[in-house]
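[1] Below is the sequence, then the predicted model.
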Amino acid sequence: MIRTAYDLFLPRRHDTATIFASPHSGRDYPEGFVAQSPLDRRALRSSEDAFVDILFGAAPDHGAPLLAARAPRAWVDLNRACDELDPALIEGAARGALNPRVASGLGVIPRVVSGGRVIHPGKISRVEADARLAAAWHPYHQALQSLLQDVRRRQGAALLIDCHSMPHEAIAAHCAPGKTCPEVVLGDRHGSACAPQVMAAVETAFQRAGFRVARNTPFAGAYVSHAYGRPSIGQHVVQVEIDRGLYMDEARILPAPGFDPVRHRVTQVVAELAALGRQLGSGLSLAAE
């Protein structure tokens, strides 16, 4: 089992409604899990949002907390509901209504990594699945829920930036021939997870840092956006997907020469989103972009 589900980096002075979280950057792989898999460690890491927690690591310097998973996505997916159990993988899991994520092997306990490569040599027990959820899923979401409640209580609003990365080939596949691909995709579940003026301000922050930005296509947000995005009560969620090709060698899962320049630009965004959170917390209205 993992030693702890997450790291929580808190600012010395927490003065913004903005929270940053990285549910897929965990890299604490249990040795027994790696040993039983037909895949090597590098293949298991292919579904990991490697280094995203480092890209957004300046959040506490700007008054915002950063919640970063330690449990790896191939072991348990923190951006899925805890009942998205795959009967093709987990013994005793009931077959429910058709769920495309579960059917494709990407439930809360994933059956495959990128390219459809199978993680386990066979099925796992329901006891094992429940143990993973107890060790990682529930602690992470308890921490996230606590952060959101605390921020809303103190600031009157909350803005969760749910930080992810996307394989370059995934975004390239959705680009029309001859068109320039976005480098960042922002998802608010087509307006249901975030107020329009807040989403516009987040988009502007990335554009000011020089990123090409798209909204909701091909990634509109998954469980975290659906579960926590409540703009009617001042709780906003924006999922951020950054093209991995900008900052890492995807084949070797190593930082590329462009890593530090991209991190510098992301830090600029972090500072602006923290300032946005202070504006939200002050009760000031945001001008429409």
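    Done, it's in. Numbers count the residues shown, from 1 in each chain.

[2] which stretches of this protein aren't confidently modelled?
    Low-confidence segments of the chain, defined by pLDDT under 70: 1-2, 283-289.

[3] Quick check: longest helix in it by residues?
    Once the chain is assigned using DSSP state H, the helix that runs over the most residues is helix 259-282.

[4] what sits up against that helix?
    Counting by Cβ atoms under 8 Å, 6 or more residues apart in numbering, the neighbours of helix 259-282 from elsewhere in the structure are 15-18, 20, 51, 54-59, 62-64, 154-157, 159, 161, 198, 201-202, 205-206, 208-211, 234, 236, 242, 246-248, 286. Bear in mind the C-beta positions are built from the backbone N, C-alpha and C, glycine included.

[5] Restricted to strands, list those residues.
    When DSSP state E defines the strands, the subset of the contacts of helix 259-282 inside them is 18, 20, 159, 161, 236, 242, 248.

[6] Farthest pair within those residues?
    Checked with Cβ to Cβ, the ones in strands among the contacts of helix 259-282 reach their widest spread between H236 and M248, with 28.5 Å between them.

[7] who has more neighbours, these two?
    Using other Cβ atoms under 10 Å as the criterion, H236 and M248 rank with H236 on top: 28 against 22.

[8] before we move on, the earlier item: using CSV, lay out the ones in strands among the contacts of helix 259-282 together with distance to D150.
    Below are the ones in strands among the contacts of helix 259-282 laid out as CSV (distance: Cβ to Cβ, whole Å):
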residue, distance to D150
T18, 13
F20, 15
L159, 14
I161, 16
H236, 16
I242, 27
M248, 33
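
[9] Do a quick rundown of the helices in the protein.
    Applying DSSP H to the chain gives helices spanning 31-36, 41-44, 52-55, 100-103, 126-132, 138-155, 168-172, 196-208, 223-228, 259-282.

[10] out of these, deepest packed?
    Among these, the stretch with the highest mean neighbour count (mean count of other Cβ atoms under 10 Å) is helix 52-55, at a mean of 24.

[11] Quick one: residues in contact with it.
    7, 22, 24-25, 66, 68, 163-165, 242, 247, 262-263, 266.

[12] Same check on stretch 124-139?
    Applying Cβ under 8 Å, 6+ apart, the set of residues contacting stretch 124-139 from outside is 1-2, 4-6, 69, 71, 75-76, 78, 82, 85, 89-93, 108-109.

[13] Can you select the buried ones from the residues you listed in ChimeraX?
    With 16 or more other Cβ atoms under 10 Å as the criterion, this ChimeraX line picks the buried residues out of the contacts of stretch 124-139:
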select :2,5,6,69,71,75,76,78,82,85,89,90,93,108,109
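
[14] What about the contacts of stretch 124-139, which are in strands?
    6, 69.

[15] Now do the same contact list for G92.
    G92 makes contact with 125-126 under the criterion Cβ under 8 Å, 6+ apart.
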